[in-house]
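Undergrad: sharing a sequence plus its predicted fold:
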Amino acid sequence: MSILVIAEHDNAVLKAATLNTITAASQLGGDIAILVAGHQCGAVAQAAAQVVGVKKVLVADASHYANQLAENVAALVVSLAGGYSHILAPATAAGKNTLPRVAALLDVAQISDVIKVESADTFVRPIYAGNVLATVQSQDSVKVMTVRGTAFPAAATTGSPASIEAVAPVADAGLSSFVGQQLTQSDRPELTAARIIISGGRGMGNGDNFKLLEDVADKLSAAVGASRAAVDAGFVPNDYQVGQTGKVVAPDLYIAVGISGAIQHLAGMKDSKVIVAINKDEEAPIFQVADYGLVADLFVAVPEFSKELDQLKAAG
Amino acid sequence: MKILVAVKRVVDYNVKVRAKADGSGVETANVKMSMNPFDEIAIEEAVRLQEAGKAKEIVAVSLGVAACQDTIRTALAMGADRGILVETDAELQPLAVAKLLKVVVEKEQPDLIILGKQAIDDDANQTGQMLAALLGWSQGTFASKVEIGDGAINVTREVDGGLETVAIKLPAVVTSDLRLNEPRFVKLPNIMKAKKKPLAVLKPAELGVDIAPRLITLKVQEPPKRQAGIKVDAVAILVDKLRNEAHVI
């Protein structure tokens, strides 16, 4: 068996979700090659070569791969697919955009959001927003699948360097072009990679009040998230959203502030190791999944929490 | 411009889904069914384009059991002009749906196809991308804004770090994300009008498509339930627990 993993990157940095996907790949058994499709992406290839378990790095460097356009990346993957038994990508916006296209061109199914590898052809994946888990067996000769990063630990990046090979780009399909992007600028960790997340819900009242959470986040090196209710109310942008329709996270510590705990939010964070809920409504469903619940007014409790962290720091 | 919209009948999003005791699937008997919420957004976008004079005709397509006619009628009540049901009792996986839609597209020759980005039952998030691949068309997935230009459209997409805009050539496939629009409530007179709109029924065999499932579902079960923990009375106690009991800060 041999496995092709599609790297997630921005031409400069190999994204953490790739490392979780490589762990899933290593559980399949077989040689792992990783494809870096991008433009002037040598640093990413170097980083990929250091990942434990990677045997070979394939680099396709062309300007039409700079922005991960699905039409072009899928055509490239299909051109390289011969000989691989499995093709994996992280279940991120980029992976979800490209991989179904690859599967259709290969005339095989795609398996989305794999959370467990049972064997080389049998996988577990969540359906109905994670309320139910399905164990599925693939009948296809090539298994094409996206991997949910939170379900697998990150592979180490301390390996002896794998070989790096250039592969020929496929001509630009000319179907699409990149116009621009508006990425949220933040010095805080990304939601899906953060060890600690503090999220706010409708109870925050407005966007300005998220500063209370940001203050705590900066003291804990945490990411800031939000419930769909807070996003729909316009408090924060959509890329903050944790839940069924947003990001799925599983940090060591998840602090839910002013979040009632709708099913759709729980679907995005219930696999966190430790959950804290701060809410003034003691009947809020979030308390049913919280390890530590504090029934309190968040506008009193969060600043107090912040002060306690200062004292901890002062005490060393 | 002609727009084709695909709509799926799914378990209503308010229903708490349960696995069957024998693990063979989820309980769907006597459960409320509705149009997939992302598909409502897809229909709404098509209707708004028509209202803005950008689209001439909207065709709503659904695939599945006879009751999917209800889903199509909802789309017609929202403003689609006519419906097509590809009727089958067989299990349809995304690749099969994409293949069936491809045949419908070849007959209908739309300029734009809009689908929901994913269905809230199987959460696959595949059909739009697969259909675009099979047709050799461009794709604009997870759309939060669609601007029709001359021969191309600009699609603003929800990506992990924020938003991204791509220009895609027509004909194209677009999949809708939540923020694309807020679907309208259907008014009673429109429901009555929708009953008179044409709805054609086709069978997969007539379309000559192999719809055999590629994935076998071995088992369906509910994940282990998370137990509620303890309530603490004060912030200081919370911080102490997180530090000295859970060791997370």
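TA: Arrived safely, thanks for sending.
Undergrad: could I get the contacting residues of residue 53?
TA: This is for chain A. By CB atoms under 8 Å, 6 or more residues apart in numbering or on different chains, the contact set of residue A:53 is A:22-23, A:25-26, A:32, A:155, A:159. Using the backbone N, CA and C atoms, a C-beta is placed for each residue, glycine as well.
Undergrad: ok, for it, nearest residue in space, not its chain neighbours?
TA: Nearest non-adjacent residue to residue A:53, counting by CB to CB, 6 or more residues apart in numbering or on different chains: residue A:26, 4.5 Å away.
Undergrad: tell me the contacts of that neighbour?
TA: A:32, A:53, A:155.
Undergrad: confidence score at residue A:243?
TA: For residue A:243, the model assigns a pLDDT of 89.
Undergrad: chain B versus that one, what's the distance?
TA: Computed as CB to the nearest CB, to the nearest Å, the residue A:243 to chain B distance reads 11 Å.
Undergrad: find the least confident helix or strand in chain A, judged by mean pLDDT.
TA: Lowest on mean pLDDT, DSSP states H and E among the helices and strands of chain A sits helix A:263-269, with a mean of 89.
Undergrad: following that one, which helix or strand comes up?
TA: The first helix or strand that comes after helix A:263-269 along the chain, using DSSP states H and E, is strand A:274-279.
Undergrad: who's in contact with that next one?
TA: Residues from elsewhere that reach strand A:274-279, judged by CB under 8 Å, 6+ apart: A:203, A:252-261, A:269, A:284, A:286-287, A:289-296, A:298, A:301-302, A:305, B:226, B:229, B:238, B:242, B:246, B:248.
Undergrad: average pLDDT for that strand?
TA: 98.
Undergrad: what strands flank the very next helix or strand once past it, and is each parallel or antiparallel?
TA: Later in the chain than strand A:274-279, the nearest helix or strand by DSSP H and E is strand A:292-295. Strand A:292-295 sits in its sheet next to strand A:274-279 (parallel), strand B:230-232 (parallel), going by DSSP bridges.
Undergrad: if we can go back for a sec, list just the nearest of the contacts of residue A:26 to residue B:83.
TA: Comparing the contacts of residue A:26 against residue B:83 with CB to CB places residue A:32 closest, at 46.9 Å.
Undergrad: wait, isn't that closest one in contact with residue A:7?
TA: No - the criterion here is CB atoms under 8 Å, and residue A:32 misses it with residue A:7 at 11.5 Å.
Undergrad: neighbour count winner among these two?
TA: residue A:7 (29 against 25; other CB atoms under 10 Å in any protein chain shown).
Undergrad: quick one, what contacts the more buried one?
TA: Counting by CB under 8 Å, 6+ apart, residue A:7 has contacts A:14-15, A:18, A:34-37, A:44, A:48.
Undergrad: now do 6 Å
TA: Counting by CB atoms under 6 Å, 6 or more residues apart in numbering or on different chains, residue A:7 makes contact with A:18, A:34, A:36, A:48.
Undergrad: dig out what the third one forms beta bridges with.
TA: Just to be clear, that refers to residue A:36. In this entry, residue A:36 is beta-bridged to residue A:59, by DSSP bridges.
Undergrad: looking at chain B, which helix or strand does the model trust least?
TA: Within chain B, confidence by mean pLDDT, DSSP H and E is lowest for helix B:204-207 among all helices and strands, at a mean of 92.
Undergrad: output that one in CSV with nothing but the alpha carbons.
TA: Extracted in CSV, the C-alpha atoms of helix B:204-207 (Å, rounded to 0.1, in the frame of the first residue of the first chain):
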residue,chain,number,x,y,z
PRO,B,204,-32.4,6.5,-12.6
ALA,B,205,-32.6,3.6,-15.0
GLU,B,206,-33.9,6.0,-17.7
LEU,B,207,-30.8,8.1,-17.2
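Undergrad: okay, buried residues for that helix please.
TA: Buried residues in helix B:204-207, defined by neighbour count with 16 or more other CB atoms under 10 Å in any protein chain shown: B:204, B:207.
Undergrad: what is the burial count for residue 167?
TA: In the absence of a named chain, chain A is used. Applying other CB under 10 Å, we find 15 residues neighbouring residue A:167.
Undergrad: look at chain B instead
TA: As a burial measure, residue B:167 scores 18 neighbours (other CB under 10 Å).
Undergrad: so who does it touch?
TA: With contacts defined as CB under 6 Å, 6+ apart, residue B:167 is in contact with A:177, A:179, B:152, B:154.
Undergrad: can we see that at 10 Å?
TA: Counting by CB atoms under 10 Å, 6 or more residues apart in numbering or on different chains, residue B:167 makes contact with A:175-180, B:138, B:140, B:147, B:149, B:152-155.
Undergrad: host element of it?
TA: According to DSSP H and E, residue B:167 maps onto strand B:162-169.
Undergrad: and for residue B:216?
TA: Assessed by DSSP H and E, residue B:216 sits inside strand B:215-221.
Undergrad: for residue A:102, same thing?
TA: According to DSSP H and E, residue A:102 maps onto helix A:93-105.
Undergrad: that helix near chain B at all?
TA: Yes - Helix A:93-105 is in contact with chain B by CB under 10 Å from any CB of the partner chain, via A:93-105.
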